[in-house]
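[1] My questions are about this predicted structure, shown below with the sequence.
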Amino acid sequence: MTFRAGQRVRVSPRAHRGHHRTPGYIKGKVGTVERVHGTFTNPETRSYGGDGLPEEALYLVGFEQGMVWPDYDRRDRIFVDVFEHWLEEAE
Amino acid sequence: MSDGHDHDHPHEPITSDGEPAAAARARALEALLVEKGIVTREDVRRGIDWLVSRSPADGARLVARAWVDPDFKSRLLADARDAALELGLDPGPSPVVEALENTESVHNLVVCTLCSCYPRALLGPPPAWYKSLPYRSRAVSDPRGVLHEFGVDLDDDVELRVHDSTADIRYLVVPRRPAGTDSLTEDELAALVTRDAMIGVAQPEAPVAA
Amino acid sequence: MERAVHDRGGWPSDARIDRTEHQLEDWEVLTDALVGALGSNGVMNVDELRRGIESMPPQAYETASYYERWLYSAETILTEKGVLEPGELERRSAA
């Protein structure tokens, strides 16, 4: 596991053709790792007939809604389960 | 047909005998797959039986037990899958089930923006609105507006946490126990816990005195 | 950034959420069970099901009902795998 709870991370802003489970509204956004879920099969390969192995680290990442949507003015949060290869360390 | 609204309710083409074309396609698919030895009728029967056996009653039992037993609540919040097994319930095929506790300062709401992921084993099939395009869109960008539509208005100092189920974890909300329920049995408490409360769009209420 | 049609989070929508309850039709329960059996038998997994759904032309995705998308996906993926012949399901449905 590269990242740990409490760490600030950015979701890669890259476009990705083909099946993946990182929603567009968090791409490029910075959040905080809430929890490390463990490792799971990779849907990006398993969806094309692979076995999804090796398993990859999956993180619960929390984002302040005000950082995700332009007019959101409350301190609510959105939590998304994100695979490690979509995350990079943020300052 | 172009009536300009989101098509979130079925619009299957209707055939001359009044059934949707999709119904014939589903039956044809079953026939082909059975003939080709890909699935058996018993496989299909078993799947149908399982699906129709699912309801929110199992989820409600988890919540009611958590309301009356603090140690069980701790176990539920640590690992809802194991807690379900402890009560003899089927947690379903997902490797991880997580219970999200509502408190006086936190309210949780669950959505799957990418498709319709939902803890079906414990709550039964998801409602049509959960799978609809407007819910999938607005539950993340306007969750307070969505809750308002469902009749729930949170105070400003309550943090609203939306969980988008994008992977293999399935989320279930543990709503708050309503006031005025001290005298109720665990079964009576479970009857107050609705499917919608375990998604996060409703809050259980004490029964009205007869 | 361009989004695929299934990636709905935050998609602009003024539509009210239709809260009408829908009892699943028999064919919908059947479709669900068929996909489940395909999964249990190792023929088509849930990630493939989702990929198949996401491959629908955008307008078809938005107008199809939920289980119509599942049927589309099953047909697409099973044809891709050679389990179904191209057009075979269509012909059998019309029979």
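    Sure, I can see it. Numbering: from 1, shown residues only, chains lettered A, B, ... in the order given.
[2] can we go C-alpha only for contacts and neighbour counts from here?
    Noted.
[3] Point out the residues in chain A that sit beside chain B.
    A:21-23, A:40, A:65, A:69, A:74-82 (CA under 8 Å from any CA of the partner chain).
[4] Report the contact partners of B:Ala23.
    Contact analysis of B:Ala23 by CA atoms under 8 Å, 6 or more residues apart in numbering or on different chains lists C:Trp27, C:Glu28.
[5] need the helices for the chain, in chain order.
    Since you didn't name a chain, this refers to chain A. If DSSP state H is used as the criterion, the helices of chain A fall at A:43-46, A:65-68.
[6] Wait, chain C was what I had in mind.
    C:26-40, C:46-54, C:58-63, C:66-80, C:88-94.
[7] Between the two ends of stretch B:131-150, how far is it?
    Stretch B:131-150 stretches 16 Å from its first residue to its last (CA to CA, to the nearest Å).
[8] Give the buried residues for it.
    B:131-144, B:146-147 (16 or more other CA atoms under 10 Å in any protein chain shown).
[9] how about the helices in chain B?
    With DSSP H as the criterion, chain B has helices at B:21-35, B:41-53, B:57-68, B:70-78, B:80-86, B:120-123, B:133-141, B:143-149, B:186-190, B:195-199.
[10] hmm, who's touching the third one?
    Which is helix B:57-68. B:72-74, B:76, B:83-84, B:87, B:89, B:122-123, B:174-175, B:177, B:186-187, B:189-191, B:193-195, B:198.
[11] Return the set of buried residues in that helix.
    Within helix B:57-68, the residues scored as buried using 16+ other CA under 10 Å are B:Ala57, B:Asp58, B:Gly59, B:Ala60, B:Arg61, B:Leu62, B:Val63, B:Ala64, B:Arg65, B:Ala66, B:Trp67.
[12] separation between the fifth one and chain C?
    B:Arg61 sits 23 Å away from chain C, going by CA to the nearest CA, to the nearest Å.
[13] Please apply the same query to the last one.
    If you measure B:Trp67 against chain C using CA to the nearest CA, the figure is 28 Å.
[14] ok, back up a step: indicate which one of the helices of chain B is closest to B:Ile169.
    helix B:80-86 (10.3 Å; CA to CA).
[15] so what secondary structure elements neighbour that closest one?
    Judged by 3 or more CA pairs under 8 Å, 6 or more residues apart in numbering or on different chains; DSSP states H and E, helix B:80-86 is in contact with helix B:70-78, strand B:96-101.
[16] and C:Trp11, backbone torsions?
    In terms of degrees, to the nearest 10, the main-chain angles of C:Trp11 are phi -60, psi 130.
[17] Let me know the pLDDT of the spatially closest residue to it that is not a sequence neighbour.
    Closest residue to C:Trp11 apart from its sequence neighbours, by CA to CA, 6 or more residues apart in numbering or on different chains: B:Ser137 at 5.2 Å. We have a pLDDT of 98 for B:Ser137.
[18] residue contacts, B:Ser137?
    Counting by CA under 8 Å, 6+ apart, B:Ser137 makes contact with B:Thr113, C:Arg8, C:Gly9, C:Gly10, C:Trp11, C:Pro12, C:Ser13.
[19] And B:Asn108, how far from chain A?
    Remark: distance between B:Asn108 and chain A (CA to the nearest CA) = 10 Å.
[20] Now do A:Ala57 against chain C, distance only.
    A:Ala57 is 17 Å from chain C, by CA to the nearest CA.
[21] Wait, that residue touches A:Asn42, no?
    No. In this structure, A:Ala57 is not within contact of A:Asn42 by CA atoms under 8 Å, at 9.3 Å.
[22] The two: who's more crowded?
    A:Asn42 (22 against 19; other CA atoms under 10 Å in any protein chain shown).
[23] and the nearest residue to the more buried one once chain neighbours are set aside, how many neighbours?
    Nearest-residue entry for A:Asn42: A:Gly52, 4.5 Å, with adjacent residues in sequence omitted and distances by CA to CA, 6+ apart. By the criterion of other CA under 10 Å, A:Gly52 has 17 neighbours.
[24] pLDDT value on A:Gly52, please?
    97.
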